[in-house]
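Visitor: how would this look folded up:
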Amino acid sequence: MAHSWWEIRVLCDPALEDIIFWRLEMFGCQGSVSQMKSNSCLMSAYLPEEKAGLLDLAALSLWLRQDALCAGLPLPAMQWDLIEEEDWGTTWKQHWQPQEIGDRFLVYPAWLPIPSNPDRLILRLDPGVAFGTGAHATTQLCLESLEMRLGFDDKKYVLADIGCGSGILSIGAVLLGATKVYALDTDPLAVRSTISNRQLNRVNPQQLVSELGSIDRLKELVDEPLDGFMCNILAEVIIDLIPQFTEISKPTTWAVLSGILVDQAKPIADTLEQNGWIVATLWKRQDWCCFNIRRS
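Guide: Modelled structure (predicted):
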């Protein structure tokens, strides 16, 4: 059955791009693109029709205006229209191109022919089921953090990706050599997206297990403590999860946490310290940060 999608367009000051990207992502938009128009930034984002009504979209428009007022920047202009699923896929194909991330990854649209002799790890994604394409700073920081952790020894790493979205981090970890990854999300569409991209990258289902749920479901799935965690989700959710990490961690367990605005870093750091974690590094990009942590 064909579905309709909201196409949300926001014309804004370029300085607002990051906060609007974050606001659209938190609203539930499944993929967004941006382009410069004269001295302004035009952002387009997509959301299944059943996920939002007209009042929800009007509220989103107010949030964006309030964000701009708080930042002392010109007010953005927001419009929305319904489009068919086929039109959405076509729009994505026009905007989304291969993207190098870190030293080892090339995130690659599914419809393009794969290079014959790639010098990077090809991570293929289909934006038709996109919840994360690597365009956002938080995703890039997480993939770069994984590059520092995986692929340098023969150790068998068992990891968990909580809030997996498109599965981009889970698949990236497998490509880097992780033995097994548990990918969980509370949104059924995200689980479906991860499974689809798992198949696209020819990853064995036994190596990447995608399930509906969060850390409670993860505790039911694992037989022993994990080697590492990945969480690229809301800071508020991460704070709630941190105390639960201990039950399925070992003394050598590490984690990569992102989706965190720079001004949210202190409460995250305080909660980590209270629960026996050490911040090994804190990476920043634009208005976002990524925690690389380990057990104390």
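Visitor: Please identify which helix or strand holds the nearest residue to Pro14 once chain neighbours are set aside.
Guide: Excluding its sequence neighbours, the residue lying closest to Pro14 (Cβ to Cβ, 6 or more residues apart in numbering) is Cys41, at 4.6 Å. Placement of C-beta: from N, CA and C, glycine included. Element membership for Cys41 (DSSP states H and E) is strand 40-48.
Visitor: List the buried residues of that strand.
Guide: By 16 or more other Cβ atoms under 10 Å, the buried positions in strand 40-48 come out as Ser40, Cys41, Met43, Ser44, Ala45, Tyr46, Leu47, Pro48.
Visitor: of all those, which comes closest to Arg295?
Guide: Ala45 (37.8 Å; Cβ to Cβ).
Visitor: so the closest one bridges to which residues?
Guide: Ile8, Ser32 (DSSP bridges).
Visitor: and it, what pLDDT?
Guide: Per-residue confidence at Ala45 stands at 84 (pLDDT).
Visitor: ok now do it, which residues does it touch?
Guide: Shown in contact with Ala45 (Cβ atoms under 8 Å, 6 or more residues apart in numbering): Glu7, Ile8, Val10, Leu24, Cys29, Gly31, Ser32, Val33.
Visitor: Just the buried ones from those residues?
Guide: Glu7, Ile8, Val10, Leu24, Cys29, Gly31, Ser32, Val33.
Visitor: now the strand holding Cys41, how far from the centre of its chain.
Guide: 17 Å (Cα atoms, centre = their mean, to the nearest Å).
Visitor: Moving C-terminal from that strand, which element do we reach first?
Guide: From strand 40-48, the next helix or strand downstream (DSSP H and E) is helix 54-71.
Visitor: Check which element follows that following helix along the chain.
Guide: strand 77-84.
Visitor: mean confidence for that next one?
Guide: 87.
Visitor: How far off centre is it?
Guide: 23 Å.
Visitor: Stretch 20-35 too?
Guide: 11 Å.
Visitor: start to end distance for that stretch?
Guide: With Cα to Cα, to the nearest Å as the measure, stretch 20-35 spans 13 Å from end to end.
Visitor: mind listing what's buried in the host helix or strand of Cys289?
Guide: Per DSSP H and E, Cys289 falls inside strand 288-295. Judged by neighbour count using 16+ other Cβ under 10 Å, the buried positions of strand 288-295 are Trp288, Cys289, Cys290, Phe291, Asn292, Ile293, Arg295.
Visitor: which of these lies closest to Gly177?
Guide: The closest of these, once distances to Gly177 are taken by Cβ to Cβ, is Asn292, at 17.9 Å.
Visitor: Pretty sure that closest one sits against Ala280.
Guide: Yes. With contact defined as Cβ atoms under 8 Å, Asn292 counts as touching Ala280 (4.9 Å).
Visitor: what touches both of those two?
Guide: Trp254.
Visitor: how about the helix or strand hosting Ile242 as CSV, C-alpha atoms only?
Guide: Using DSSP H and E, the element containing Ile242 is helix 235-245. In CSV, the C-alpha atoms belonging to helix 235-245 read as follows (Å, rounded to 0.1, in the frame of the first residue of the first chain):
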residue,chain,number,x,y,z
ALA,A,235,20.3,13.5,26.0
GLU,A,236,17.3,13.1,28.4
VAL,A,237,16.9,9.4,27.3
ILE,A,238,20.7,8.8,27.7
ILE,A,239,20.6,10.1,31.3
ASP,A,240,17.8,7.6,32.1
LEU,A,241,19.7,4.8,30.5
ILE,A,242,23.1,5.3,32.1
PRO,A,243,22.3,3.7,35.5
GLN,A,244,21.1,0.6,33.7
PHE,A,245,24.3,0.1,31.7
